[in-house]
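Engineer: Structure, please.
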Amino acid sequence: MNDNDDNLDEADRAIADRLAKLGRAPVDTSGLKSRVESLLDKESNGASDPVIGTVPAARRWRVPVAWAALFLVGAVLAAFLWLQPASQPTGQPYTITPVELANIHAHYHEHGKSLTAVKNVGDANAEMIKQWAGAPRFPELAGIDIETCCLYELSSCRVTCLHLKSNGHDVTLVVGNARDLRLSDAQVVQSQGRQLTVGTAGSVHVVSPSDPERFVALVSSMPRADLTNLALTLRH
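Structural biologist: Okay, here's the model as predicted:
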């Protein structure tokens, strides 16, 4: 038992002597500060170290983050445009037919809703501007009893409508932007030096005088000759 204790005491003394020698050994810390500063510079610049390898730079994250931000902005913009109502066409003009114009005429004269009573063209233009800032102006009409106006939404564009009476017949004046609308299923005729496009849908006639800025169409079941004469009285 005493032999074992003596052996342990000798081993402990040997370990203690080695630790004491290590504690007394000089340590050179003169280059520690410069070493740390060098590593920090390498990290900032994305440089590589022969011992620890390439140090990832913080700006390496900037490229994927920038792409993610652009993708997010694009997604938000696409969603915004997708949710907007298709109120105006893009590209080719919307092809409107006499049947569609007859339906507009019938809908508002037989089942009229959301109509605004007006007394003249000036009041009608002012009312339409409130509902559609870019609304084209109605042409002037002489000797016509004006009743109401309204805004009508087609599948690809808007038109304004003026409802009036002429010789006891209901007439709808449909106005839109010339770049947005084109009348199809109709024929072009000349009358009193003016170009007109005329069409028919059942008992309803359509007469559209040529206008470089506006699409204008008169729609009514009155005789075509009378409707043509009314179209010729429209003043810009």
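
Engineer: How many residues are close by the nearest residue to V99 once chain neighbours are set aside?
Structural biologist: Of all residues not flanking V99 in the chain, A201 sits nearest, at 4.5 Å (CB to CB, 6 or more residues apart in numbering). Using the backbone N, CA and C atoms, a C-beta is placed for each residue, glycine as well. When neighbours are defined as other CB atoms under 10 Å, A201 has 19 of them.

Engineer: Is it correct that A201 is in contact with L101?
Structural biologist: Yes - here A201 reaches L101: they are 7.1 Å apart, a contact under CB atoms under 8 Å.

Engineer: Kindly report the domain assignment for the chain.
Structural biologist: By the assignment in automatic domain parsing, the chain contains the domains 30-84, 94-232.

Engineer: Just give me the lowest mean pLDDT stretch among these.
Structural biologist: The weakest mean pLDDT among those belongs to domain 30-84, with a mean of 54.

Engineer: Give me the common contacts of A201 and L101.
Structural biologist: When CB atoms under 8 Å, 6 or more residues apart in numbering defines a contact, no residue borders A201 and L101 alike.

Engineer: where along the protein do the helices fall?
Structural biologist: Taking DSSP state H, the helices of the chain run over residues 2-24, 32-45, 62-83, 98-110, 121-131, 224-232.

Engineer: Can you get me a residue count around the spatially closest residue to R137 that is not a sequence neighbour?
Structural biologist: Closest residue to R137 apart from its sequence neighbours, by CB to CB, 6+ apart: N125 at 5.0 Å. The burial count assigned to N125 is 18, neighbours taken as other CB under 10 Å.

Engineer: and N125, what is it in contact with?
Structural biologist: Applying CB under 8 Å, 6+ apart to N125 gives the contacts A135, R137, F138.

Engineer: most surrounded residue in the residues you listed?
Structural biologist: That'd be F138 among the contacts of N125, by other CB under 10 Å, with 24 neighbours.

Engineer: Would you check that that one makes contact with T160?
Structural biologist: Yes - using CB under 8 Å, F138 is in contact with T160, at 6.9 Å.
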